[in-house]
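In: Mind folding the following:
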Amino acid sequence: MSPNPAPKVATTIWPRALLLALGGASLLAGLDAALVLLGVAAPVGGDTAPVLPPSHGILMVFGFVGTLIALERAVALRRVWGYSAPALLGIGSVAQLVPVLGAGTAWVPRAVVLAGAVMFAVVYVPLWRRQRDPAVLVQALGAVAAAGGAGLLATGVSVAAVVPWFAAFLLATIAGERLELARLRIRGGWAEPLLVTACAAIVALGPVTLLWPTVGYPLFGLGLLGLAAWLVTYDVARATIRSPGLPRFVAACLLAGYAWLGVAAGVCLLTPGAPSGAAYDAFLHAMFLGFVMSMIMAHAPVILPAVLRRPLPYLSAMWVPAALLHATLVLRLAVGDARGDIVAWQWGGMGNVAAVLAFVALAAYAAATGRRAPAGRVTQGPVPRSRAGEPATGRTRREGAA
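Out: The predicted structure follows:
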């Protein structure tokens, strides 16, 4: 035994639950802001809280998804200081909504978000030292993109200009997660170097889209298309879609998400320069609703148990919000954006919000009423493991995790 063992985090889940609650608050505020931006009735209207609409992107990307991912990484790190990342991301995102922060102090919450994003990137240093694995490297690239995007926001750059940085952050994080299970299909060769190269290119193209959008966005679209092709080719979802129950649900969410990633790539390739108007709405929501939210639905049975040590049993009713999300997104983009139909755009957007809320409600119900699955039950085969015998990025995987 080492004479000076490094301190580890206590096993209590309540601090994690509080941080998860910050992410949940950001999600609810972000969905409320989405309704305001759609021009429909919202629980808290834009007249009551004028800071809501401009905060929508930061609330969803950093406040909700960023806090969730950073919390999961902190659990994998098993060090107290790692929890500073999700705490700062969640607090900074929610602090945007504090009424006393006027125009002169609006930079303060964004500075807090920046501090959280920097700490999130720092978390990957010991994770990389623990396991020098391409999956960890790819996710670390995403954390660098998150810190870069947060830095731009803190200096006053608009959210629209920083969207590719947001996308690079989430794309690299998700790609790294999928690489762990893709190893069940790949055996050496060029597959892993290709993924690392594609994610590095997407992260590197963030500054290019900002400085030279006419060149940067088509190249960014090519990067998205290449990543989508890699995921469809190598992900185990192509095999598990034929399995029953949870594995099929997860695979369907993954494959649908990859299709939406292709749609986002097409918008970048077909739009001259930075997308605007209907093209911007289509790119934004194909990426962050069609792809990212579908990935969250797919990974929810893994994320919650890893963070709260609470099982999230599969419910067949989960197909309903997943199908609603994709159906209403088709309505929003194919009819609302493509044809300029404002009513279809609004109904599609409201359906998107309803789908997300319905899935959260079902997940909460399943976690509250479900029982832990029998130990040792596996439905997807072995998980790639490190020399220490743990999953490559420290995550505890359960049945149906693919």
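
In: which stretches of this protein have low pLDDT?
Out: 1-12, 100-104, 187-188, 370-402 (pLDDT under 70).

In: swap the cut-off to 50 and go again
Out: Applying pLDDT under 50 to the chain flags the ranges 1-11, 372-402.

In: Report the buried residues of the helix ranked longest in the chain.
Out: Counting by DSSP state H, the longest helix found in the chain is helix 342-369. Applying a neighbour-count criterion of 16 or more other C-beta atoms under 10 Å, one finds 344-353, 355-356, 358-360, 362-363, 366-367 buried in helix 342-369. From N, CA and C alone the C-beta is placed, and that goes for glycine too.

In: Kindly report the same for stretch 319-333.
Out: Pro321, Ala322, Leu324, Leu325, His326, Thr328, Leu329, Val330, Leu331, Arg332, Leu333.

In: Tell me which of those fall in strands.
Out: Among these, none falls in strands (DSSP state E).

In: from those, which ones fall inside helices?
Out: Those of the buried residues of stretch 319-333 lying in helices (DSSP H): Pro321, Ala322, Leu324, Leu325, His326, Thr328, Leu329, Val330.

In: The second one touches Phe359, doesn't it?
Out: Meaning Ala322. Yes. Here Ala322 reaches Phe359: they are 7.0 Å apart, a contact under C-beta atoms under 8 Å.

In: so what's in contact with these two at the same time?
Out: Applying C-beta atoms under 8 Å, 6 or more residues apart in numbering, one finds that Ala322 and Phe359 are jointly contacted by Met297.

In: List the contacts of stretch 80-95.
Out: Applying C-beta under 8 Å, 6+ apart, the external contacts of stretch 80-95 come out as 7, 9, 15-16, 19, 22-23, 25-26, 29, 55, 58-59, 62-64, 66-68, 70-71, 73-74, 101, 108-117, 119-120, 122-123.

In: any idea how far that stretch is from the chain center?
Out: With C-alpha atoms, centre = their mean, to the nearest Å as the basis, stretch 80-95 stands 16 Å off its chain's centre.

In: got the buried residues for it?
Out: Buried residues in stretch 80-95 (16+ other C-beta under 10 Å): 82-95.

In: now swap in stretch 61-75 and tell me
Out: Residues 61-75 are the ones in stretch 61-75 that count as buried (16+ other C-beta under 10 Å).

In: about what we covered before: Throw the buried residues of stretch 319-333 into a markdown table and include distance to Leu38, thanks.
Out: Output for the buried residues of stretch 319-333, formatted as a markdown table (distance: C-beta to C-beta, whole Å):
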| residue | distance to Leu38 |
| --- | --- |
| Pro321 | 19 |
| Ala322 | 21 |
| Leu324 | 16 |
| Leu325 | 16 |
| His326 | 18 |
| Thr328 | 12 |
| Leu329 | 13 |
| Val330 | 17 |
| Leu331 | 13 |
| Arg332 | 9 |
| Leu333 | 14 |
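
In: Buried subset of the contacts of stretch 80-95 as a ChimeraX selection?
Out: The ChimeraX command for the buried members of the contacts of stretch 80-95 (criterion: 16+ other C-beta under 10 Å) is given here:
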select :9,16,19,22,23,25,26,29,55,58,59,62,63,64,66,67,68,70,71,73,74,109,110,111,112,113,114,115,116,117,119,120,123
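
In: quick one, strands of the stretch 101-250 of the chain?
Out: Counting by DSSP state E, counting those that start in this stretch, the stretch 101-250 of the chain has no strands to list.

In: how close does the nearest residue to Val98 once chain neighbours are set aside sit to Ala154?
Out: Residue nearest to Val98 in three dimensions, not counting chain neighbours: Pro109, with 7.6 Å by C-beta to C-beta, 6 or more residues apart in numbering. Pro109 sits 9 Å away from Ala154, taking C-beta to C-beta, to the nearest Å as the criterion.
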